[in-house]
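# predicted coordinates and the sequence they were generated for:
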Amino acid sequence: MTANIRFIAPCCCQVAFLSFQLWLTHYLTNCAAVCQGGKPGYCVDPMKTNEPVKTNDSRPWGAHVSAAGGLVSALRRAQAIGATAMQIFARNQRQWRPAPLDEREAAEFRRFWPAAGIRFLCTHASYLCNLASPEQKLRERSQEALIDEIRRADALGAGCVVLHPGAARGAGRQEALERLTDSLRLVLRETDSAPVGVALENTAGQGTALGARIEDLADALAALGREPRLGFCLDTAHAFAAGVDLRRESALHDWLAELAGRDLLDRIWLLHLNDTTAACGSRRDRHVHIGDGEIGDRGFRHLLSCRELWRIPAIIETPKGKTPEQAEFWDRRNLRRLRGFAKANCTRVEGKPDRV
Ligand SMILES: [Zn+2]
Ligand SMILES: [Zn+2]
């Protein structure tokens, strides 16, 4: 607010008045809508934004939300579902050459999202990217795209860009992994001034996709000398499809033990909590609403009871339905369900419901 007033002060009265009117209209339509209760000035809750995560339920929770209609619309969607975490596409995920980021819009978004109660923001890189491709041209395009993704995430104030590790496409795993790590090294060097990380996501292992095994993620991190800007995103639907039977407590604990054994737990920056209709080990990626798939309530209850994962922001990427109203309904329903499981664990493990 101060910056706007300072900016318009030196202008002549008419220009200043017009600028003020434009700003006020924009502020009232956008900021007031994204602030809880529509009370600008009261939307920052320092207890909420600065408090360390103490319990299972107090982690940031949210969804991948559409940025159709602009970034402020995405923020409004996140607010409508009570999210404290959000994921967006920062560019058209189906195009190699999307429109450039509107700097003014990005700056506004960066200013508004923390005030709107969002405590964790990440972007998801385009599915076109294949940093492990044996085709040099595709690999170079993917590197350029990821550099752009990181710069956009930086402009928006996002902490990381979620990236699928890519596919070997006929080459061997080792060769593909080397291509991936060489590409990541180049991209991270090119963007070394941006405080944005790359979160490699585990995959279902469809076709020749890397990332179905924890080993792939661990080897990438080791090859990059445990680069601090490289972390991970764990997707439950992908893990299940890759053979981790999250319905069985022992399988979940083995999975977490493997992550701990490879010293990766502190690199898990976010969770993608999705149920799936695909069978365990099927290597197929079919997201469905929480509790309606193969993982089921039982699997998510187990997962959310694991203290190793308590602090980690959780994002859902479940189906949205056909209309914005349906999207809001389902996102609210899925988050409520997950938070319910976490709350139950919180009460049980802690002995008292702390901030739930
Ligand atoms: Zn993904
Ligand atoms: Zn995912």
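Perfect, thanks for sending it. Ligands and ions are numbered 1, 2, ... in the order given.
# I'd like the next helix or strand past the helix or strand harbouring Gly299.
Per DSSP states H and E: Gly299 is located in helix 296-305. Downstream of helix 296-305, the next assigned helix or strand under DSSP H and E is strand 314-316.
# looking at the helix holding Gly299 now, give me its mean pLDDT.
Across helix 296-305, pLDDT averages out at 94.
# can you check stretch 144-154 too?
97.
# return it as PDB; C-alpha atoms alone will do.
Taking C-alpha atoms only, stretch 144-154 is exported to PDB below (Å, rounded to 0.1, in the frame of the first residue of the first chain):
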ATOM      1  CA  GLU A 144      15.700 -24.100 -21.400                       C
ATOM      2  CA  ALA A 145      12.200 -24.700 -20.200                       C
ATOM      3  CA  LEU A 146      13.300 -25.600 -16.700                       C
ATOM      4  CA  ILE A 147      15.500 -22.500 -16.500                       C
ATOM      5  CA  ASP A 148      12.400 -20.400 -17.400                       C
ATOM      6  CA  GLU A 149      10.300 -22.300 -14.900                       C
ATOM      7  CA  ILE A 150      12.800 -21.500 -12.100                       C
ATOM      8  CA  ARG A 151      12.900 -17.800 -13.100                       C
ATOM      9  CA  ARG A 152       9.200 -17.700 -13.100                       C
ATOM     10  CA  ALA A 153       9.000 -19.500  -9.700                       C
ATOM     11  CA  ASP A 154      11.500 -16.900  -8.400                       C
END
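# next, the buried residues of that stretch.
Ala145, Leu146, Ile147, Asp148, Glu149, Ile150, Arg151, Arg152, Ala153, Asp154 (16 or more other CB atoms under 10 Å). Bear in mind the C-beta positions are built from the backbone N, C-alpha and C, glycine included.
# kindly report the same for stretch 286-294.
Buried, per 16+ other CB under 10 Å, within stretch 286-294: Arg286, His287, Val288, His289, Ile290, Gly291, Asp292, Gly293, Glu294.
# could you list the domains of the protein?
1-33, 59-350 (automatic domain parsing).
# next up, the contacts around Leu200.
Neighbouring residues of Leu200 by CB atoms under 8 Å, 6 or more residues apart in numbering: Leu163, His164, Pro165, Gly211, Leu217, Ala220, Leu230, Gly231, Phe232, Cys233.
# adjacent strands (with direction) for the helix or strand where it lies?
Here Leu200 sits within strand 197-201, counting by DSSP H and E. Sheet partners assigned to strand 197-201 using DSSP bridges are listed as strand 160-163 (parallel), strand 230-235 (parallel).
# where does Leu246 land in three-state SS?
Under DSSP: H, G, I helix; E, B strand; the rest coil, Leu246 falls in the coil class.
# contacting residues around it?
Listed by CB under 8 Å, 6+ apart, the contact set of Leu246 reads Thr236, Ala239, Phe240, Leu252, Trp255, Ile295, Gly299, Phe300, His302, Leu303.
# beta partners for the closest residue to ligand 2 within the stretch 51-200 of the chain?
In the stretch 51-200 of the chain, the residue that lies nearest ligand 2 is Val162 (7.1 Å; CB to the ion). On the basis of DSSP bridges, Val162 is bridged to His124, Ala199.
# surely Gly296 touches Thr277?
No: at 11.3 Å, Gly296 does not count as touching Thr277 under the criterion of CB atoms under 8 Å.
# what residues sit buried inside stretch 305-316?
So stretch 305-316, judged by 16+ other CB under 10 Å, has buried residues Ser305, Leu309, Trp310, Arg311, Ile312, Pro313, Ala314, Ile315, Ile316.
# sorry, that was for stretch 165-173
Buried residues in stretch 165-173 (16+ other CB under 10 Å): Pro165, Gly166, Ala167, Ala168, Ala171.
# max pairwise distance over the residues you listed: which two?
The largest separation in these, counting by CB to CB, is between Pro165 and Ala171 at 13.5 Å.
# tell me, what's touching the two both at once?
Ala132.
# number of nearby residues for Arg59?
23 (other CB atoms under 10 Å).
# repeat that for Ala257.
By other CB under 10 Å, neighbour count at Ala257 equals 11.
# could you do Arg97 as well?
11.
# ok but it is inside a strand, no?
No: counting by three-state DSSP, Arg97 is located in no strand; its state is coil.
# that one and Gly159, how far apart?
Distance, Arg97 to Gly159, using CB to CB, to the nearest Å: 26 Å.
# same deal with Leu186?
Relative to Gly159, and taking CB to CB, Leu186 is found at 21 Å.
# which residues does the residue of the stretch 251-356 of the chain found nearest ligand 2 contact?
When scored by CB to the ion, the stretch 251-356 of the chain has His272 as its residue closest to ligand 2, at 3.4 Å. By CB under 8 Å, 6+ apart, His272 lies in contact with Val162, Glu201, Cys233, Leu234, Asp235, Thr236, Ala237, His238, Ile315, Ile316, Glu317.
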